[in-house]
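> Predicted model follows, preceded by the sequence.
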Amino acid sequence: MSAPVQVRPAPPAAAPPDEPGRARRIGAGMLDPTQLWRALPQALRKLNPVALVRNPVMFVTEIGAALTTGIAITDPSGFGWLITAWLWLTVIFANLAEAVAESRGKAQADSLRRTRQQTTARRLAGWEPGAAPDAYVEESVAAGELRRGDIVVVPAGELIPGDGDVIEGAASVDESAITGESAPVIRESGGDRSAVTGGTRVLSDRLVVRVTQEPGESFLDRMISLVEGAGRQKTPNELALNLLLVMLTFVFLVAVVTLQPMAIFSKEAMGAAHDTAALTADGVTGIVLVSLLVCLIPTTIGALLSAIGIAGMDRLVQRNVLAMSGRAVEAAGDVNTLLLDKTGTITYGNRRASAFLPVGSVTADRLAQAALLSSLADETPEGRSIVEYANTAHHSVVEETRDAKGAEWVPFSATTRMSGVDLPSGRRLRKGAASAVAQWVREQGGEVPEALDAAVDQVSASGGTPLAVAELTPGGSADMLGVVHLKDVVKPGLRERFDELRTMGIRTVMITGDNPVTAKAIADEAGVDDFLAEATPEDKLALIKKEQEGGKLVAMTGDGTNDAPALAQADVGVAMNTGTSAAKEAGNMVDLDSDPTKIIEIVEIGKQLLITRGALTTFSIANDIAKYFAILPAMFAAVYPGLGRLNIMDLHSPLSAILSAVIFNALVIVALIPLALRGVRYRPSSASALLTRNLWIYGLGGVVVPFLAIKFIDFALVQFLPGV
Ligand SMILES: Nc1ncnc2c1ncn2[C@@H]1O[C@H](COP(=O)(O)OP(=O)(O)OP(=O)(O)O)[C@@H](O)[C@H]1O
Ligand SMILES: [K+]
Ligand SMILES: [Mg+2]
C-alpha cells in the first residue's frame, strides 16, 4: 500500500449507514446470486494466461479450450463448438469462484477507504514529558506527512491523525471506524492500553501521542490491503496441495497423450457406428482427447482452492479478526495449546488500588504516602490508580509529597516487577510484586516481617494483585511498609468458553506476572486448565518454545508489551486491539473486539478451512470416477467392445456421453462455490470422527452424485439436441 493515511475532520455525528464496521458484518457466509453476476467482468479478466498460470489445473484447461477452439474453427462441427463452449465456461466458472471470494473483501476495503479522510495534525516540536506549554511549539502538518517518532496532540472532538502510543493523558476514544463497535474505549499513557489507531476520534479530554507508523503503513492501510486480499501469499498447505494437483495433471496429460494412437483408431469406429456429420469430422479426435484430459484432471478443487482460502480469511474479518497471514489461520485449525495472558486478557485489565494494608507498627498514612510518592511518575494504570486512591482516601498525606522535586524515578518493568523513586533526601521507595520488593529489602539489609505474607495472601486469595511497598530511610534502615490491594475483574462468560475449548481438545494455560496465589484464584474463577505464575517475558517465551518442541501448535492471546516476544513466537499470536502497538506488531492476528475467547472462533474458522479444503479435494477426486465411466467406454467401446460394459449409465451415444461429462465437470464448480465460500459446517468433535464423516459424505457423495447428474444431463441433451 502506498497511499498515505489522510484524515479530514468529519462531522462527529452518528455513524452513517455505510459505516465500515457494519459493512463488515453483513452478509457473512451467504452467497447472493447477483454477486456471481457482478463478479463476471473480473472473472473474464482472470482469463489472462499470465495470471492464470498461478493455477496450473485451470491453466491446462484453458490451453485445452484454446486447442478445441482452434479445431472447431478449422474443422467446424456442432460437437466441437459445444465442447469448446463448455471448456471455456469451466475456466470462467473457476475464475468466478475466486472473483466472488475477492469481491466481498473489496466492498469492505472500499468502505474502509472512506474512513481515510484528510486532516491536519497538530505536531509538537520540542515537546518532552511534563514540558511547560511555552517550551514547545504546535505546528500544523498534513496527517499524511507524519513520520515515526513525531509527537502530536489530539484534543477532544478531533481525529487521531496516525497510529501511535499515548505518552500523556487519558481520554475516551470512539474507535467505531475501525472496530464497528460504538461504545467508546479508554486510551491512556503507560500500561497496556496506550495504543491508538489513526482515523479514530478522541471524544473527551486530550491525548499526546507518539506516532509509530511511517506514511502509508498505518493499521488502516494494512487492514484495507488485507481485506482486499492484495498480495495474498499461498500458504504452505496450499502450496503442497497445488503441487499434488500439478502432479496429477501431469500424469493424466501423459496418459491422454499415450492414448492418442488408440483414440484415432476408435474415431474411425465411432464414425462408423454413428453416421453423422459431426462424428466423421477429423477434429473429433482432438476434441475428445482434450475433453478426456479436462475430465480427468482435478478441476473441481483446482477451481475452488483459492476461493476457499480467501473465504477463510474473510470469515475472520467478519468476526472482526484481522489475520496477517493465511498460514496462521491454518495453524489455528490445528492448535493444541492456548496460552492466555491474565491481566487485560482474562481480566478487564484496569487494576485499581482499593486498599492499603500496613504491616507491623507502620501507620496507614505512612504506607499511603510512600505508595503515593513512589507512584507520582508511574504512568501505568496501576500507578495512576494508586495516586488517585491515595488522594481520595488519604488527603492528609498529599501535602507531604513536596520533596519529590529532583527525584529520580524508577519506572516499572515486567522483568524487575518493581517501580519507585530515589529522593534527593536519600529516601528510596519501592513498590511491586511482593517477592521482588522483599528481595530488595533484604538486599538493603532490612528484614521482611512475617505479617507481610498474611497481607499478601489476603489480597491474593481474593484474586487481587498485592503490591508490596518498602522504604529505605535516609538513616539507612530498610522497612517493609505494607501492601496495596489492586483489584481487577474477570471478564464474564469465560468458563463456558474454556469448557468448549476442552471439548475441542485444546488445553488452556493462563500466564501472568502475578504471584501464584493470585494466579490460582483467577485461574479457578476463569476455569483455565493450568496456569504459570510470576512469569517474566522470557518465561512466557520459554513456555511456548517448550510446548512447540513436542510438535504442538500453540496459540497465544495477549495485550501487553511484555507479551510481544511470546506473541511473535506462537504459531497463532492474537493481539487484543486494546493492547500496545508492540503486541499488535508481534502477533499475526489482531482481534478488534479484544475478546480473549475469540480464539475459539478463530480455531473453528481454521478447522473449517482445513476441513472444507479436504472435503472438496475428496469430492473433486471422487467425482472424476463417474467421468471415466462416461468417457472411456465412449472412446473405446467400438474398438474394445468389452469396455461397453463400463457404460453403466447407459448413456445415449459416445458424443452425448462425452458432452455430458464435460458439462457436469463445469457445472459442479458453480454448484460448489457457495460451499467453498461458506465452508463445510464444523461442529466440535474429535478429528477422526470428522474425517470419517467427511469421507462418507464427500467421498461417497463425490462418487454417486456425478453418476446421477451425468445421466440426467445426457437425458436432457437428447431431448434438446436429438442429433447427439
Ligand atoms: N506499576 C507497577 N509498579 C510496580 N509493580 C507493578 C506495577 N504493575 C505491576 N506490578 C507488579 O509486577 C507484576 C508483573 O506485572 P506484569 O505486567 O508483568 O504481569 P501482569 O500484568 O500481572 O500479568 P499479565 O502477564 O497477565 O499481564 C504484577 O503482578 C505486579 O505485582
Ligand atoms: K475434472
Ligand atoms: Mg500485563
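Received, thanks. Small disclaimer: the values here were computed from a predicted structure and weren't measured. Ligands and ions are numbered 1, 2, ... in the order given.
> ok, so what distance separates G191 from ligand 1?
8 Å (CB to the nearest ligand atom, to the nearest Å). The way it works is simple: take the backbone N, C-alpha and C, and place the C-beta from them, glycine included.
> just E158 next, same as before
Distance from E158 to ligand 1, by CB to the nearest ligand atom: 30 Å.
> List phi and psi for the closest residue to that residue other than its chain neighbours.
Leaving aside its sequence neighbours, E158 sits nearest to V202 (CB to CB, 6 or more residues apart in numbering; 5.9 Å). Torsion angles at V202 (phi, psi; degrees, to the nearest 10) stand at phi -80, psi 130.
> Could you list the low-confidence segments of the stretch 351-500 of the chain?
Along the stretch 351-500 of the chain, the parts satisfying pLDDT under 70 run over 395-404.
> What ranges does it have for its helices?
For the stretch 351-500 of the chain, the helices defined by DSSP state H, counting those that start in this stretch cover 364-375, 381-393, 395-398, 434-443, 451-461, 494-503.
> could you give the angle of the first one to helix 381-393?
Meaning helix 364-375. Counting by axes from the mean of the first three to the mean of the last three CA atoms, to 10 degrees, helix 364-375 lies at 140 degrees to helix 381-393.
> What are the contacting residues of helix 364-375?
Helix 364-375 has contacts (CB atoms under 8 Å, 6 or more residues apart in numbering) with 353, 356-358, 383-384, 386-387, 390-391, 393-394, 396-398, 400-401, 404, 419-421, 423, 429-431, 467, 469-471, 481-482, 484.
> Keeping just the C-alphas, turn that helix into CSV.
The C-alpha trace of helix 364-375 is given here as CSV (Å, rounded to 0.1, in the frame of the first residue of the first chain):
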residue,chain,number,x,y,z
ALA,A,364,-1.8,3.6,57.2
ASP,A,365,-0.7,7.2,56.4
ARG,A,366,3.0,6.3,56.2
LEU,A,367,2.2,3.5,53.8
ALA,A,368,-0.2,5.7,51.8
GLN,A,369,2.4,8.4,51.5
ALA,A,370,5.1,6.0,50.4
ALA,A,371,2.8,4.4,47.9
LEU,A,372,1.8,7.8,46.6
LEU,A,373,5.3,9.1,46.3
SER,A,374,6.6,6.1,44.5
SER,A,375,3.7,6.3,42.0
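> Correct me if wrong: A461 contacts A519.
No - using CB atoms under 8 Å, A461 is not in contact with A519, being 11.5 Å away.
> Show me which of the two is the more surrounded one.
Using other CB atoms under 10 Å as the criterion, A461 and A519 rank with A519 on top: 24 against 12.
> Tell me which helix or strand the more buried one sits in.
Per DSSP states H and E: A519 is located in helix 516-526.
> in that helix, what's buried?
Neighbour-count burial for helix 516-526, counted by 16 or more other CB atoms under 10 Å, picks out 517-523, 526.
> Closest one of the residues you listed to R613?
Comparing these against R613 with CB to CB picks out A526 as the nearest, at 33.8 Å.
> what's the closest of the helices of the stretch 351-500 of the chain to ligand 2?
helix 494-503 (37.8 Å; CB to the ion).
> quick one, the helix or strand just after that closest one and helix 516-526 angle?
Per DSSP H and E, the first helix or strand lying C-terminal to helix 494-503 is strand 507-511. On the basis of the same axes, to 10 degrees, strand 507-511 is oriented at 140 degrees to helix 516-526.
> can you pull the alpha-carbon coordinates of strand 507-511 into PDB?
The C-alpha coordinates for strand 507-511 follow below in PDB (Å, rounded to 0.1, in the frame of the first residue of the first chain):
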ATOM      1  CA  ARG A 507      -5.700 -27.000  26.700                       C
ATOM      2  CA  THR A 508      -5.800 -23.500  28.100                       C
ATOM      3  CA  VAL A 509      -3.000 -22.100  30.200                       C
ATOM      4  CA  MET A 510      -3.100 -18.700  31.900                       C
ATOM      5  CA  ILE A 511       0.300 -17.000  32.200                       C
END
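> what does that strand rub up against?
In contact with strand 507-511 (CB under 8 Å, 6+ apart) are residues 336-342, 346, 498, 501-502, 519, 522-523, 526, 528-532, 535, 539-540, 543, 566.
> which other helices and strands contact the helix or strand hosting S660?
For S660, the element it lies in under DSSP H and E is helix 654-678. If you count contacts as 3 or more CB pairs under 8 Å, 6 or more residues apart in numbering; DSSP states H and E, helix 654-678 packs onto helix 78-115, helix 236-273, helix 284-296, helix 299-318, helix 598-622, helix 624-636, helix 701-720.
> Please name whichever of those helices is nearest to G198.
Nearest to G198 among the helices and strands packed on helix 654-678 is helix 78-115 (9.7 Å), distances taken as CB to CB.
> next SSE after that closest one?
strand 120-125.
> did I read that right, P565 in a helix?
Yes - P565: assigned to a helix according to DSSP: H, G, I helix; E, B strand; the rest coil.
> Quick check: the gap between it and K540.
Note on P565: its distance to K540, by CB to CB, to the nearest Å, is 7 Å.
> between those two, who's got more neighbours?
Neighbour count, other CB under 10 Å: between P565 and K540, K540 has more, with 28 against 17.
> residues contacting the more buried one?
Counted by CB under 8 Å, 6+ apart, K540 has contacts 339, 341, 511, 532, 556, 562-563, 565-566.
> before we move on, back to that, from the contacts of helix 364-375, which would you call buried?
In these, the ones that pass as buried (16+ other CB under 10 Å) are 353, 356-358, 383-384, 386-387, 390, 394, 397, 401, 404, 419-421, 423, 429-431, 467, 469-471, 481-482, 484.
> In strands, which of those fall?
Secondary structure from DSSP state E places 353, 356-358, 419-421, 429-431, 467, 469-471, 481-482, 484 of the buried ones among the contacts of helix 364-375 in strands.
> what's the pLDDT at the residue of the stretch 51-200 of the chain found nearest ligand 3?
At 5.5 Å from ligand 3, D192 is the closest residue in the stretch 51-200 of the chain, using CB to the ion. Looking at D192, its pLDDT stands at 77.
> Against ligand 2, how distant is the residue nearest to it when sequence neighbours are not counted?
The shortest distance from D192 to any non-neighbouring residue, by CB to CB, 6+ apart, is to G560 (4.4 Å). Using CB to the ion, to the nearest Å, we find G560 at a distance of 51 Å from ligand 2.
> tell me the contacts of G560?
Here G560 is in contact with 192, 341, 343-344, 414, 579-580, 583 (CB under 8 Å, 6+ apart).
> do I611 as well
Contacts of I611 (CB under 8 Å, 6+ apart): 333, 679-680, 682, 690, 694.
> let's see 10 Å
I611 is in contact with 333, 679-682, 687, 690-691, 693-694, 698, counting by CB atoms under 10 Å, 6 or more residues apart in numbering.
> Closest one of those residues to ligand 1?
Minimum distance to ligand 1 across the contacts of I611 is 26.4 Å, recorded for G333 (CB to the nearest ligand atom).
> Go ahead and confirm the closest one touches I506.
No - with contact defined as CB atoms under 10 Å, G333 does not count as touching I506 (11.2 Å).
> where do the contact lists of these two overlap?
553, 603.
> What residues does this protein have near ligand 2?
299, 665 (CB under 5 Å from the ion).
> so is whichever residue of the chain sits closest to ligand 1 in a helix, a strand, or just coil?
The nearest approach of the chain to ligand 1 comes at G513, 2.4 Å away (CB to the nearest ligand atom). Assigned by three-state DSSP, the conformation of G513 is coil.
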